[in-house]
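Peer 1: Quick check, what structure comes out for this input:
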Amino acid sequence: MSGGSTYQTCLASVGGDTDALLECVAGTLDAAMNTATDSVTNSVNTFFLIFAAILVFFMQTGFAMICAGSVRVNNVQNTLLKNLLDACGASLGFYTVGYAFAFGGTFTNPSQTTFIGNTNFFLMDVENQAFWMFQFAFAATSATIVAGTLAERCQMSAYLCYSVALSAFVYPVVVHSIWSNNGFLSANNSNPLWGIGMVDFAGSCVVHVTGGMTALIATNILGPRTGRFRDIRGNLLEKPRPMPGHSVALQMLGNDNYEVVSHVAINTTLAAAAGTVMALFIDTVIQEHNTGEVTFNLSYAMNGCLAGLVSITAGCAVVQSWAALIIGAIGGALFLGCSKLLVKRRIDDAVDAVPVHLSSGIWGSLSVGLLADPTWVSKVYGNSNHAGWFYSWSRGSADAHLLACQVIGVLADSLEEVVGLDVGYTGGALHKRLHAKDDDQNYSAYLDEYVHRRKERAFMKNTSGHIPASSVHSPSLHGHSYHGRKVITPAMKEEAMGNSSMRSNSSVRVGAVSNSSESVKSPGSDRDLKDNDNAVMDSSRGSGVPSLSSVKEEHV
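Peer 2: Numbers count the residues shown, from 1 in each chain. Okay, here's the model as predicted:
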């Protein structure tokens, strides 16, 4: 509305009264200014939410590079595809029911405390879609933590199901409890737990503990990579065999109120630096003590940096800078200790995701209950009645309400592996790798075993046999090293070849199969494996049964 039209409207409305005319014009212009200001404010808020979502989502590329650099070269494609599936599965799960469980009813009925949300399914009635995008980025981040832990041994379909399930059902429950206004642990609840609620500014517990705990449970169920703690026959190794990634450079590429924002940036930087130095220092001291040589491990330094970042995420806005240094340093030390503990307990974590995210996330959440500064708590949450326990002692009260809230938040809360999943899921490329060499001196033997198994599968499929369709990681079904055992039993092979011999009336072929069955009983010899292959292929020539060599190209 122009100045002239405003004047004319007011003049027609109040007449010639000068005071009333001036009051009308001023009120109209003030209302227009407020409307314009609100519009600009909403636009800026939307822009920064989307910009922040992009930054958080860009962590996916960092995780992808860490995973790709930490695995062996024959698993890179598979690992990158799983990182892509994280984003896809998380978007589907969070869109359908995840966001509704996490934030449904947060803005329409903020005074009610609920277990999970019950509105906004499929983005229905969501007014601020930029906020949905921002929260989805965190959901995808929590899901992708598990990708590195299960590297080189998790099937693609199972991993996609996991991504959807975590972002749709598991992660949203944690988010609702701590970040939603309706959550019983939320510091923004109208009636927060013990007057303060749980403080988790950027996700030490919500994102990292959830992802880290899921990774620990998943790797314990799935089991270690073949050859990590046991040899191909299932015998326990005297010392765990290191499985270094093929590119440390790629791993490094993956480490990627104005007053409060500046304070957060400073604390984050200091904690990361302290975590890096502490992890590198402790590891160097240990190596010097054990070997007499001073060495510096780049991977430990990188993960120490990540551990410092994870540790400070909960309290980055409410602790002093000196406290950020302490939090980051302890996070780096905890990462190193937890990493070595997992190896000692023979739990295989390909990229050390559990030590980085779970142990550091727990410590970061608890550190808020100890070191939260009442001044910064008041600036961020508007409540300084309950601060960190150490500050409470200085007040002479020993108030541990915030620490108790933090504790409750934490507590509530195959052979294809050896030759590489790239080969297993892209069989057309197998012929390109038959003569490839790996640093592992047993790689060629593993590859021969894998080719033999694929040929047996194809053979049995064409002779009406029954064979498992894919790798099964279950010690209760197949012993400690399923991939080191023969898949087809002598009885199965005799039955299959017996049917063929009846059609061709060839007793010689049946005898050849019997000889091959004897070799199956001794899987410890590579010569037996090759003799077995030759016997089966010879027995199938000239009969109605396709030979193994004829079906190799079709099925492998």
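
Peer 1: Please verify my assumption that Tyr99 contacts Pro172.
Peer 2: Yes. Between Tyr99 and Pro172 there is a contact under Cβ atoms under 8 Å: 7.3 Å. For glycine as for every other residue, the C-beta is placed from the backbone atoms N, C-alpha and C.

Peer 1: could you measure the residue nearest to the spatial centre of the chain against Ala137, distance?
Peer 2: In the chain, the residue lying closest to the centroid (Cα atoms, centre = their mean) is Ile145, at 1.7 Å. Using Cβ to Cβ, to the nearest Å, Ile145 is found at 14 Å from Ala137.

Peer 1: what do you get for Gly93?
Peer 2: 14 Å.

Peer 1: Going along the chain, name the strands of the stretch 301-450 of the chain.
Peer 2: For the stretch 301-450 of the chain, applying DSSP state E, counting those that start in this stretch gives no strands.

Peer 1: which regions of it lie under the pLDDT threshold?
Peer 2: When residues are selected by pLDDT under 70, those of the stretch 301-450 of the chain lie in 412-447, 449-450.

Peer 1: cutoff 80 now
Peer 2: Applying pLDDT under 80 to the stretch 301-450 of the chain flags residues 384, 394-398, 412-450.

Peer 1: now the stretch 1-150 of the chain
Peer 2: 1-22, 25, 28-29, 32, 34-38, 108-111.

Peer 1: Is it correct that Ser262 falls within a helix?
Peer 2: Yes. Ser262 sits within a helix when classified using DSSP: H, G, I helix; E, B strand; the rest coil.

Peer 1: Quick one, grab the pLDDT at it.
Peer 2: What the model reports for Ser262 is a pLDDT of 82.

Peer 1: Neighbours of it, how many?
Peer 2: 10 (other Cβ atoms under 10 Å).

Peer 1: quick one: it and Gly315, what's the gap?
Peer 2: For Ser262, the distance to Gly315 - Cβ to Cβ - is 16 Å.

Peer 1: repeat for Met33
Peer 2: Counting by Cβ to Cβ, the gap from Met33 to Gly315 is 40 Å.

Peer 1: Of the two, which one has the most company?
Peer 2: Gly315 (34 against 10).

Peer 1: Does the more buried one touch Gly369 like I think?
Peer 2: No. When contacts are counted by Cβ under 8 Å, Gly315 is not listed as touching Gly369 (9.1 Å).

Peer 1: I'd guessed Leu193 sits against Gln406; true?
Peer 2: No. Counting by Cβ under 8 Å, Leu193 does not reach Gln406; the two are 10.7 Å apart.

Peer 1: Neighbour count for the two, which is higher?
Peer 2: Here Leu193 and Gln406 are compared on neighbour count by other Cβ under 10 Å; more neighbours surround Gln406, at 32 against 20.

Peer 1: Just list the residues touching that one, thanks.
Peer 2: 198-199, 205, 314, 365-366, 368-369 (Cβ atoms under 8 Å, 6 or more residues apart in numbering).

Peer 1: so which of those residues is the most crowded?
Peer 2: Top of the contacts of Gln406 by neighbour count (other Cβ under 10 Å): Ala314, with 35 neighbours.

Peer 1: Helices of the stretch 1-150 of the chain, start to end?
Peer 2: Under the criterion DSSP state H, counting those that start in this stretch, the stretch 1-150 of the chain contains helices at 3-14, 18-57, 59-70, 76-93, 99-103, 129-149.

Peer 1: Check these for me and report the most buried one.
Peer 2: Comparing the helices of the stretch 1-150 of the chain by mean neighbour count (mean count of other Cβ atoms under 10 Å), helix 99-103 comes out on top with a mean of 26.

Peer 1: For that one, what is the distance to the chain centroid?
Peer 2: 20 Å (Cα atoms, centre = their mean, to the nearest Å).

Peer 1: Stretch 270-289 too?
Peer 2: That offset, for stretch 270-289, works out to 25 Å (Cα atoms, centre = their mean).

Peer 1: contacting residues around the nearest residue to Val209 once chain neighbours are set aside?
Peer 2: Counting by Cβ to Cβ, 6 or more residues apart in numbering, Val209 lies nearest to Gly361, which is 3.9 Å off, once chain neighbours are set aside. With contact taken as Cβ under 8 Å, 6+ apart, Gly361 is in contact with 204-205, 207-209, 212, 310-311, 313-314.

Peer 1: swap in Ala333?
Peer 2: Counted by Cβ under 8 Å, 6+ apart, Ala333 has contacts 278-279, 282.

Peer 1: quick one: it and Asp86, what's the gap?
Peer 2: Taken as Cβ to Cβ, the span from Ala333 to Asp86 is 29 Å.

Peer 1: Over to Met213?
Peer 2: From Met213 over to Asp86 the distance is 17 Å, taken as Cβ to Cβ.

Peer 1: same deal with Leu237?
Peer 2: Counting by Cβ to Cβ - Leu237 and Asp86 are separated by 32 Å.

Peer 1: can you count the residues close to Val206?
Peer 2: If you count neighbours by other Cβ under 10 Å, Val206 ends up with 29.

Peer 1: And for Asn303?
Peer 2: The number of residues near Asn303, taken as other Cβ under 10 Å, comes to 28.

Peer 1: if I pick it, what's in contact with it?
Peer 2: With Cβ under 8 Å, 6+ apart, Asn303 has these contacts: 279, 335, 339, 352, 355-356.

Peer 1: Of those, which is the most crowded?
Peer 2: Val356 leads those on contacts (other Cβ under 10 Å) with 35 neighbours.

Peer 1: Pull the contacting residues for the closest residue to Thr114 other than its chain neighbours.
Peer 2: Nearest residue to Thr114 in three dimensions, chain neighbours excluded: Asn182, at 4.7 Å (Cβ to Cβ, 6+ apart). With contact taken as Cβ under 8 Å, 6+ apart, Asn182 is in contact with 105-106, 109-110, 112-114, 117, 176, 189.

Peer 1: The same query, at a cut-off of 7 Å, please.
Peer 2: Asn182 makes contacts with 105-106, 110, 112-114, 176, as judged by Cβ atoms under 7 Å, 6 or more residues apart in numbering.

Peer 1: got those as TSV, with distance to Ala168 and neighbour count columns?
Peer 2: What follows is those, written out as TSV (distance: Cβ to Cβ, whole Å; neighbours: other Cβ atoms under 10 Å):
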residue	distance to Ala168	neighbour count
Gly105	18	19
Thr106	18	22
Pro110	24	14
Gln112	23	12
Thr113	22	17
Thr114	18	16
His176	13	27
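
Peer 1: ok, so of those, who is nearest Tyr7?
Peer 2: Pro110 (42.7 Å; Cβ to Cβ).

Peer 1: quick one, what contacts that closest one?
Peer 2: 181-182, 190.

Peer 1: My guess is Gln60 contacts Ala87. True?
Peer 2: Yes. Using Cβ atoms under 7 Å, Gln60 is in contact with Ala87, at 5.8 Å.

Peer 1: what is in contact with these two at once?
Peer 2: What both Gln60 and Ala87 touch, as defined by Cβ under 7 Å, 6+ apart, is the set Ala140.

Peer 1: if we can go back for a sec, just the closest of the contacts of Gly361 to Met156, please.
Peer 2: Using Cβ to Cβ, the contacts of Gly361 come closest to Met156 at Gly212, 22.6 Å.

Peer 1: With Ala53 as the reference, measure out to that closest one.
Peer 2: 22 Å.

Peer 1: what does Leu366 give?
Peer 2: Counting by Cβ to Cβ - Leu366 and Ala53 are separated by 28 Å.

Peer 1: Same question for Met124.
Peer 2: 21 Å.

Peer 1: What of Gly104?
Peer 2: 19 Å.

Peer 1: Repeat that for Thr108.
Peer 2: From Thr108 to Ala53 the distance is 23 Å (Cβ to Cβ).

Peer 1: Then Glu127?
Peer 2: 17 Å.

Peer 1: Can you give the contact residues for stretch 81-95?
Peer 2: The contact list for stretch 81-95, computed with Cβ under 7 Å, 6+ apart, reads 60, 63-64, 67, 122-123, 136, 139-140, 143-144, 147, 156, 159-160, 163-165, 167-168.

Peer 1: switch the cut-off to 8 Å
Peer 2: By Cβ under 8 Å, 6+ apart, stretch 81-95 touches 57, 60, 63-64, 67, 98, 122-123, 135-136, 139-140, 143-144, 147, 150-151, 154, 156, 159-169, 172.
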